[in-house]
Structure formats: C-alpha cells, structure tokens
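**Q** Sequence isn't available, so here's the structure alone:
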C-alpha cells in the first residue's frame, strides 16, 4: 500500500509522531520515537511505498531529526527491499 505524509508545519517531535499516527498503520502501543517508526516501516503491515512531502522544510526546521529520519528510511529500505521511500517538495492540492 502507498502512503503519503506531508511534513509541512511540523516543528516538534511530538507533532511529527502525531502525524505518523494519523498517516500510517501504527499500533496503539506505538512508541512515538524513531525506533518505533523503524519497526513500523520494516514490519508486516502492508507499507510498500512511502512518500514524505515537504522534507526540505522539515530539514530546515528540525535538521537533526530530519537527518535521522532520512538515515532511518535508508536503513529500512535496505532491510526491506520491497519498501520504497521517497521525498517530494510539495503535496499536490
């Protein structure tokens, strides 16, 4: 399944993980951290494609967390060859 996540206007870790919970098939016990997100991306939940929109803005606002997210995504794709994660500039209205 394909998921699209808009990172626009996210400026805290809490807001980021709120968006993940809203956008992805997260279990009720989702840990609201990058390790938990990695588990979601590499688990058996039907995620085949994930597109993050407005990543450049997210990297400007939260550079360290954004860089960690990109590293996590690269590692998840390496772990799960069927998973594709990409980045778009803006979400089409």
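**A** Nice, I can see it. Note that this is a predicted model, so its numbers are computed, not measured.

**Q** surely residue 56 meets residue 89?
**A** Yes. Using Cβ atoms under 8 Å, residue 56 is in contact with residue 89, at 6.6 Å. C-beta: built from backbone N, CA, C; applies to glycine.

**Q** Looking at these two, which is more packed in?
**A** residue 56 (14 against 9; other Cβ atoms under 10 Å).

**Q** downstream neighbour of the helix or strand the more buried one falls within in the secondary structure list?
**A** Assigned by DSSP states H and E, residue 56 belongs to helix 55-61. Using DSSP H and E, the next helix or strand after helix 55-61 towards the C-terminus is helix 63-79.

**Q** Can you name the secondary structure element that comes next after that next one?
**A** strand 84-88.

**Q** residues touching the residue nearest to residue 79 when sequence neighbours are not counted, list them.
**A** Counting by Cβ to Cβ, 6 or more residues apart in numbering, the nearest residue to residue 79 once its immediate chain neighbours are dropped is residue 42, at 5.0 Å. Residue 42 is in contact with 76, 79, 80, 83, counting by Cβ atoms under 8 Å, 6 or more residues apart in numbering.
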